[in-house]
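Colleague: 3D, please:
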Amino acid sequence: IKGILKGEKMKVIFLDIDGVVNTSANKWETGRIKFRGRKCIPTNREPKRVLAKLIKWMLENDIYFVMSTSWGRSSTAKDWNEILKNYGISKNLVISRTPVHETGKRGLEILKWIKIWNEEKTEKVKDYLVIDDDILDIEPYISKSRIIHTDVRKGLTEKDLEKIKVYFNRKEKNVEKIKS
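Modeller: Residues are numbered from 1 along each chain as shown. Down below sits the predicted model:
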C-alpha cells in the first residue's frame, strides 16, 4: 500500500453504505454515486458532505477504508477506488472489502478480514473503527468503543465525524490491542 512502509502499522475504517451514506431521510435529496460506470448507489446530501470531510481527514492521517457493505458484494477495492477517483481522490483509499462469513454475521466478517490481512500482509492493522447503522450482527463480536452507530434516517453526521477523529487521535498508550 502506497504511503504505508513495510512492517508499519495501519489504521482502517470498515465502511457500510446503506444507513451511512445512503439514508431513508428524504428521497427527494437522493443523488447517485457512479459505480462501474453507472449511476446506481443512492446518496443523500448531508452524509455525502460529511463523508467528503472524513475522506479529506483520512488522507491527511493515513487511514484506509475496508468496505463492509452488501452493496456490490462482488465489488473489489479497485471498483470503490474508481468511484473515489470520480470525485478527485487519486490515492487508493479503499484497500479491500470484508469476506462473506459462513454465518453471515458482519462482526465475524470484520474479525476474519483483520486476521487474514495481518497473517498475509506486511502492513499490519494497528487500529480500526466500524461505521454502520445496523450493528446487531457486529456488536456481539466487536467492542462498542470501535463502532460508530449511525442513524438510518440521518446517515453519517458531523457528530459521528468528531467521534471518529477523537477515537483515532487519542494517545497511543490508550490504544487497545487487537485481539487475534
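Colleague: ranges for the helices of this protein?
Modeller: Along the chain, counting by DSSP state H, helices occupy 45-61, 77-85, 106-120, 158-169.
Colleague: other residues contacting stretch 90-99?
Modeller: With CB atoms under 8 Å, 6 or more residues apart in numbering as the test, stretch 90-99 has contacts from 1-3, 12, 14, 55, 58-59, 64-69, 75-77, 80-81, 84, 106, 109-110, 112-113, 116-117. For glycine as for every other residue, the C-beta is placed from the backbone atoms N, C-alpha and C.
Colleague: which residue packs closest to S75, ignoring adjacent ones?
Modeller: Closest residue to S75 apart from its sequence neighbours, by CB to CB, 6 or more residues apart in numbering: R97 at 6.6 Å.
Colleague: distance-wise, check that neighbour relative to V12.
Modeller: For R97, the distance to V12 equals 12 Å [CB to CB, to the nearest Å].
Colleague: need the overlap of contacts for the two.
Modeller: By CB under 8 Å, 6+ apart, R97 and V12 have these common neighbours: V66.
Colleague: dump the longest strand along the chain to CSV, restricted to CA.
Modeller: As assigned by DSSP state E, the longest strand anywhere in the chain is strand 124-132. The C-alpha atoms that make up strand 124-132 are tabulated as CSV, following Å, rounded to 0.1, in the frame of the first residue of the first chain:
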residue,chain,number,x,y,z
LYS,A,124,-0.5,-4.9,10.0
VAL,A,125,-3.8,-3.4,11.2
LYS,A,126,-3.0,-1.4,14.3
ASP,A,127,-6.4,0.1,15.0
TYR,A,128,-9.8,0.2,13.4
LEU,A,129,-13.4,1.5,13.6
VAL,A,130,-16.6,0.3,12.1
ILE,A,131,-19.2,2.8,10.7
ASP,A,132,-22.6,1.2,10.3
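Colleague: show me what contacts V130?
Modeller: I13, F14, D16, S68, I110, I138, I142, R146, I147, I148.
Colleague: and K165, by the same measure?
Modeller: Each residue near K165 by CB under 8 Å, 6+ apart is listed here: W57.
Colleague: distance of it from D133?
Modeller: 20 Å.
Colleague: before we move on, what about L156?
Modeller: Taking CB to CB, one finds L156 at 9 Å from D133.
Colleague: what's the overlap in contacts for the two?
Modeller: Contacts common to L156 and D133, judged by CB under 8 Å, 6+ apart, are V20, T150.
Colleague: neighbour-wise, which of the two wins?
Modeller: L156 (28 against 21; other CB atoms under 10 Å).
Colleague: about what we covered before: just put the helices of the chain in CSV and tack on distance to T23 and mean pLDDT.
Modeller: Below are those laid out as CSV (distance: least, CB to CB, whole Å; pLDDT from 0 to 100):
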stretch, distance to T23, mean pLDDT
helix 45-61, 6, 87
helix 77-85, 18, 86
helix 106-120, 19, 94
helix 158-169, 12, 95
